[in-house]
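[1] Structure for this input, please:
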Amino acid sequence: MTADEIQRVLALNAQQRAEYHHKMVKESQQLWTLADDDGAVLLVEDDLDYVPVWPAEEFVQEWINGDWANCKAHKISLSDWQNKWLPGLADDELDIIVFPLPHDGGITEIPQA
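    Next comes the predicted model:
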């Protein structure tokens, strides 16, 4: 992905980013989250915890600085996401935030196993 492509996608609004995310995940059969030594990182928005997801590693990199400098991008196959992560998130009553940006939240979704 070129720098221009990344900037074009980052300029989209939250709904457009979510649509882009779902399209790219379907095509690539993978998605990305942010992880530290303890596992997936949760983002807090409106006092609720969310698991953030992105369609490509390049977009996760936007978060790896400051308080998140010890984190890394974590790739998840679509199969693992559907068969392991979604049931686990549903059991833990955690929602998903799709393609958030540091300056602009993403679309929230309820995991459906």
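[2] Please count neighbours and contacts with C-alpha atoms only from this point.
    Fine.
[3] which strands and helices sit next to the longest helix seen in the chain?
    Longest helix of the chain, by residue count under DSSP state H: helix 14-28. Helices and strands touching helix 14-28, by 3 or more C-alpha pairs under 8 Å, 6 or more residues apart in numbering; DSSP states H and E, are strand 95-98, strand 107-109.
[4] could you redo the last one with a cut-off of 7 Å?
    When contacts are defined as 3 or more C-alpha pairs under 7 Å, 6 or more residues apart in numbering; DSSP states H and E, helix 14-28 packs onto strand 107-109.
[5] Mind checking the pLDDT average for the strand it packs on?
    Average pLDDT, strand 107-109: 94.
[6] okay, the most centrally placed residue in the chain: pLDDT?
    Nearest residue to the geometric centre of the chain (C-alpha atoms, centre = their mean): Val53, 1.1 Å. At Val53, the model reports a pLDDT of 98.
[7] Contact partners for it?
    By C-alpha atoms under 7 Å, 6 or more residues apart in numbering, the residues touching Val53 are Leu31, Trp32, Thr33, Ile97, Val98, Phe99.
[8] That's all I had, so thanks and see you.
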